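Visitor: Quick one, what's the 3D model for this:
(one chain, ligands or ions: 1)
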Amino acid sequence: MRDIKEFYEMWNIEELPEYMKILIKFADELIFEEISSILSDFKVKDPLVLDCGCGFGAFYKLTETFNTIYLDISLNMLKKFTMTEKKICGNILHLPFKDKTFDLILCINVLEHVDKSKALKEINRVLKDNGRVIVVVINKNCLFREEVFNDFRVFHKAMGVDDFISEFKVLKYTSTYFLPPIVKILPRSVLLKVLKPWKWIDKKLSKIFKGKGQFLIVELEKAKVRH
Ligand SMILES: C[S@@+](CC[C@H](N)C(=O)[O-])C[C@H]1O[C@@H](n2cnc3c(N)ncnc32)[C@H](O)[C@@H]1O
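Guide: Below is the predicted model:
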């Protein structure tokens, strides 16, 4: 099992097997659509946004119209992210921001790699009282046991909705990506054919098996402190 930082410092999407590149792109499209739909209800004026663990900016289009800071622990990933100057190399476990700074925090496919309790505490700390968080994470309650990260052989720990309730109020959750792992053995052309109708199928499955897709998408609000 490889160390997280070392793994991402060496990350080069071009070196991945073809099926992985195709499936990552497909998963990102599904996740993008789900988050876009959540963001369509986000009405704060001139929000300050943090994309925490932004990687090479696969989800940049979600936040480009906001005043957004992009943070990642890996310089390699930040260098690959060519679109913005508002980038910070930093650790989600020690965020370099004051308390109650952000209106919205996105944390996409990061929490599975880190100490989730510490990371959630830090996200909570830098979030404004009425701020929102959108998290995407590998789902521990997914329908298929062999989940997408297995092939990377890097530390990751799947999560469930109940992992968020100590720090946050869960406003909404959904999940996406119901492709059975067996598709990875298909030749490229067949895999692409399977994926064409799959977005539609995936959306149906997500309604039938709520919360059972491989990626869990959760919208959170700061829990009110009880005195
Ligand atoms: C699976 S990638 C996701 C990147 C991006 N959010 C996306 O979905 O395309 C995980 C990212 O988390 C970053 N990361 C891992 N540990 C981190 C930490 N402790 N603090 C900040 N970023 C971290 C990695 O460098 C990597 O870019």
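
Visitor: CA only for contacts and neighbour counts going forward, please
Guide: Fine.

Visitor: Excluding chain neighbours, give the residue nearest to Phe32 in space.
Guide: Phe59 (7.0 Å; CA to CA, 6 or more residues apart in numbering).

Visitor: residues contacting the residue nearest the centre of the chain?
Guide: The chain has Ile108 as the residue nearest its centroid, 1.7 Å off, counting by CA atoms, centre = their mean. Counting by CA atoms under 8 Å, 6 or more residues apart in numbering, Ile108 touches Cys52, Gly53, Cys54, Ile134, Val135, Val136, Val137.

Visitor: same for the ligand: which of those residues are within range?
Guide: With the criterion set as CA under 6 Å from any ligand atom, the members of the contacts of Ile108 near the ligand are Gly53, Cys54.

Visitor: where does this protein come near the ligand, residue by residue?
Guide: Checking the chain against the ligand by CA under 6 Å from any ligand atom, the hits are 4, 8, 53-55, 58, 72-74, 77, 90-93, 108-110, 113-114.

Visitor: repeat that with 5 Å
Guide: Gly53, Cys54, Gly55, Ala58, Asp72, Ile73, Ser74, Asn91, Ile92, Ile108, Asn109, Val110 (CA under 5 Å from any ligand atom).

Visitor: wait, is the fourth one part of a strand?
Guide: Read it as Ala58. No - judged by DSSP: H, G, I helix; E, B strand; the rest coil, Ala58 forms no part of a strand; its state is coil.

Visitor: What sits closest to it if chain neighbours are left out?
Guide: Asp28 (7.6 Å).

Visitor: That neighbour in helix, strand or coil?
Guide: Asp28 is classified as helix under three-state DSSP.

Visitor: Relative to Phe168, how far out is it?
Guide: Using CA to CA, to the nearest Å, Asp28 is found at 25 Å from Phe168.

Visitor: Give me the more crowded residue out of these two.
Guide: Phe168 (19 against 15; other CA atoms under 10 Å).

Visitor: in the sheet, who's paired with the more buried one?
Guide: Lys222 (DSSP bridges).

Visitor: My read is that it contacts Ala223, right?
Guide: Yes - between Phe168 and Ala223 there is a contact under CA atoms under 8 Å: 4.6 Å.

Visitor: Same list, the residues of the chain next to the ligand, but as a markdown table with pLDDT and secondary structure please.
Guide: Putting the residues of the chain next to the ligand into a markdown table (pLDDT from 0 to 100; DSSP: H, G, I helix; E, B strand; the rest coil) gives the following:
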| residue | pLDDT | secondary structure |
| --- | --- | --- |
| Gly53 | 98 | coil |
| Cys54 | 98 | coil |
| Gly55 | 97 | coil |
| Ala58 | 96 | coil |
| Asp72 | 97 | strand |
| Ile73 | 96 | coil |
| Ser74 | 96 | coil |
| Asn91 | 97 | strand |
| Ile92 | 97 | coil |
| Ile108 | 98 | strand |
| Asn109 | 96 | coil |
| Val110 | 97 | coil |
